[in-house]
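*Asks:* Fold the following.
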Amino acid sequence: MPLGLYISVPFCRTKCSYCNFASDVFSKSAYENYVDRLVEDIGNSRQVASELGCALGTALDETADSIYLGGGTPSILDAGQLLRIFAAVRDQFSITSDAEITVECAPGTLTPVLIETLLQCGVNRVSLGVQSFVDQEAQSVGRLHKRSTVLEEIGRLREAGLANINIDLIAGLPHQTEESWAFSVAETIATGVPHASVYVLEVDEESRLGRELIAGGARYHAHFVPDDDAAADFYQQACDTLAAAGIEQYEISNFARVASGSRDGELQNNESRHNLKYWTRQPYIGFGVDAHSMLEFVERRASLRQAQGRLSPVRVGTAALGCPAERTSATARGHINSGLAMAVDSTEGDRCQALRFATPDSLDAYMNRAPHTVTPVSAQAAIEESFFLGLRLNRGVDLDNLRAEFSASFKDCHPERSEGSAVSQQSPKTLDAGSFREGHDFSRATSAGEKTALAAEAISGSQQEFSQETIATWESAIKQCIQDGLLEQQGTTLRLNARGRLLSNEVFARFLVEETKVGTGHVNPR
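*Replies:* Now for the predicted structure:
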């Protein structure tokens with residue numbers, strides 16, 4: 001499969017109060033040094049993949065059909081810096097002629113020079129971090145633009161031929177009401193953009209606003225944040241309104257217009273090709289701060305042992321997030337130059353389905369070449385990912401496809417239907433969508449994923465054998481979620497229903513089965 005490429009730019013003009021991403025405000029003097037390091041990172045992709053025993057295409061004459069430049073605010077880089085990044089990408093990867101090439105832009109940064117630069121870089125899709133068309137709401141969280149700015153810049157993009165535009169909205173911002181939210185959704189529809197992303201404000205300790213809400217304080221307009229039930233209502237309101245306007249939901253947080261296309265009369269649906277790679281577990285590789293990758297693991301234990309002598313220093317640590325490895329606890333001492341081989345050897349080579357690896361989530365650590373975090377993905381972990389990533393999509397998960405891919409013997413999971421079967425009617429309080437923005441690695445967009453212990457299940461020949469207990473856990477999860485009114489099953493296809501999308505973390509957690517834990521390796525980038 002062609003690769004997806006993600007490039008992180010962790011710089012912003014201001015740090016939004018709700019933001020929990022690895023981005024911040026830095027002096028412009030840091031930009032050039034970062035681009036130098038980024039270009040080096042891209043140039044070393046072959047070596048890093050080889051050391052990890054991964055495949056990037058066949059013989060690393062890699063082909064990519066999606067590129068996503070995110071952050072942060074990539075549009076604050078100057079023309080020369082953007083051109084250097086894209087030149088480095090094209091020097092290392094073969095980009096298909098129909099590739100989707102997206103850049104995240106903050107409204108207010110789209111100058112004529114920037115738009116011309118984007119065109120020179122081959123960009124054909126722009127994602128705008130609008131969040132709200134109500135000026136008071138946008139400004140309350142640190143956004144610098146106004147509604148008029150957004151509309152003007154959408155017009156300039158279209159004039160330049162960049163009509164493939166996404167608009168991000170956030171439900172649950174300070175001062176937001178049912179009426180003001182309806183206005184933002186209506187304005188999004190009125191712009192005619194082909195894609196929209198709708199997230200619900202996430203409350204956690206990784207953002208200033210989240211910490212203030214948890215503490216019950218009033219800074220950052222925290223006392224004007226709508227409650228969870230109101231935010232959930234806003235989300236459902238957006239789903240209904242967008243659908244009525246022909247902008248169909250295809251993923252928990254993502255919506256695309258369906259329009260007549262020119263290919264044999266088929267419909268073109270404007271879905272994000274890059275994001276679909278995350279949800280369907282296609283290969284992708286990331287560069288820059290807090291960039292995540294997932295590649296097929298192809299080398300066997302013997303090959304790894306031969307490669308051990310050329311590996312960069314490696315340390316064994318414990319991943320705090322299971323899918324993919326993201327932040328880690330303090331690195332264990334005394335395991336230099338053996339950790340990666342140990343981590344992958346413990347899966348006995350061909351038991352490892354794929355490797356997930358990630359760069360450091362701080363600028364200093366990345367610039368100082370701190371090690372990647374590397375996590376082997378076992379057969380069991382892969383099938384769990386297939387559930388909680390695939391169920392994010394409205395098209396759902398096909399059990400026949402899972403059975404064919406993983407040789408897992410699922411039974412008919414339809415629950416016995418009776419008039420007395422109980423369906424929970426508890427009020428939805430949280431939405432998995434949170435603040436996971438377009439273009440970011442959605443395989444980590446669930447707390448359920450954070451609890452997965454990635455390890456190996458036994459494999460006999462080419463067949464993955466799962467214990468009866470493991471299979472029973474998955475079958476029970478399916479049956480119970482259907483009974484609880486969270487999942488629906490049509491034939492062999494499982495889908496979240498509207499209520500299930502509101503409580504998706506609860507659904508995902510039910511599919512996780514404890515595994516024997518293995519070490520997580522760390523490999524230094526060259």
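
*Asks:* Where does pLDDT dip in the stretch 201-350 of the chain?
*Replies:* Residues of the stretch 201-350 of the chain that meet the criterion pLDDT under 70 lie in 208-209, 260-268, 299-350.

*Asks:* The stretch 351-500 of the chain now?
*Replies:* 351, 408-409, 411-438, 440-465.

*Asks:* can you pull out the helices in it?
*Replies:* Remark: helices assigned in the stretch 351-500 of the chain by DSSP state H, counting those that start in this stretch are 363-367, 379-390, 399-406, 447-450, 468-483, 498-502.

*Asks:* Comparing those, which comes out most buried?
*Replies:* helix 379-390 (a mean of 24; mean count of other CB atoms under 10 Å). For every residue, glycine as well, the C-beta is placed using N, CA and C.

*Asks:* now the helices for the stretch 201-350 of the chain?
*Replies:* Here the stretch 201-350 of the chain has its helices, by DSSP H, counting those that start in this stretch, at 208-215, 228-244, 273-279, 301-307, 339-345.

*Asks:* Kindly report the same for the stretch 1-150 of the chain.
*Replies:* Under DSSP H, counting those that start in this stretch, the stretch 1-150 of the chain gives helices at 29-43, 45-52, 79-92, 112-120, 135-140, 147-159.

*Asks:* Go through the fifth one and flag the buried ones.
*Replies:* Which is helix 135-140. 137-140 (16 or more other CB atoms under 10 Å).

*Asks:* what distance separates it from the centre of its chain?
*Replies:* 26 Å (CA atoms, centre = their mean, to the nearest Å).

*Asks:* same deal with stretch 366-382?
*Replies:* 15 Å.

*Asks:* Dump it to PDB, keeping only the CA atoms.
*Replies:* The C-alpha trace of stretch 366-382 is given here as PDB (Å, rounded to 0.1, in the frame of the first residue of the first chain):
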ATOM      1  CA  TYR A 366      13.600  16.000  19.500                       C
ATOM      2  CA  MET A 367      16.400  18.500  18.600                       C
ATOM      3  CA  ASN A 368      18.800  16.600  20.900                       C
ATOM      4  CA  ARG A 369      18.000  13.400  19.100                       C
ATOM      5  CA  ALA A 370      16.300  11.600  21.900                       C
ATOM      6  CA  PRO A 371      15.300   8.000  21.000                       C
ATOM      7  CA  HIS A 372      12.200   6.900  19.300                       C
ATOM      8  CA  THR A 373       9.800   4.900  21.300                       C
ATOM      9  CA  VAL A 374       9.200   1.500  19.600                       C
ATOM     10  CA  THR A 375       6.300  -0.800  20.200                       C
ATOM     11  CA  PRO A 376       5.800  -4.200  18.500                       C
ATOM     12  CA  VAL A 377       2.200  -4.800  17.600                       C
ATOM     13  CA  SER A 378       1.100  -8.400  18.200                       C
ATOM     14  CA  ALA A 379      -1.600 -10.300  16.300                       C
ATOM     15  CA  GLN A 380      -4.000  -9.800  19.300                       C
ATOM     16  CA  ALA A 381      -3.100  -6.000  19.500                       C
ATOM     17  CA  ALA A 382      -3.700  -5.700  15.800                       C
END
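
*Asks:* next one: the top strand by length along the chain to chain centre, how far?
*Replies:* When the chain is parsed with DSSP state E, its longest strand is strand 94-105. Distance, stretch centre to chain centre, for strand 94-105: 17 Å (CA atoms, centre = their mean).

*Asks:* now stretch 157-171
*Replies:* Computed by CA atoms, centre = their mean, the chain-centroid distance of stretch 157-171 equals 20 Å.

*Asks:* How far does it stretch from one end to the other?
*Replies:* 26 Å (CA to CA, to the nearest Å).

*Asks:* and it, which residues are buried?
*Replies:* Of the residues in stretch 157-171, those buried (16+ other CB under 10 Å) are 157, 162, 164-171.

*Asks:* Which ones among the residues you listed map onto helices?
*Replies:* Using DSSP state H, the members of these that fall in helices are residue 157.

*Asks:* still on that earlier bit, possible to save the helices of the stretch 351-500 of the chain as CSV with distance to residue 286?
*Replies:* Shown next, in CSV, are these (distance: least, CB to CB, whole Å):
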stretch, distance to residue 286
helix 363-367, 12
helix 379-390, 16
helix 399-406, 24
helix 447-450, 17
helix 468-483, 29
helix 498-502, 27
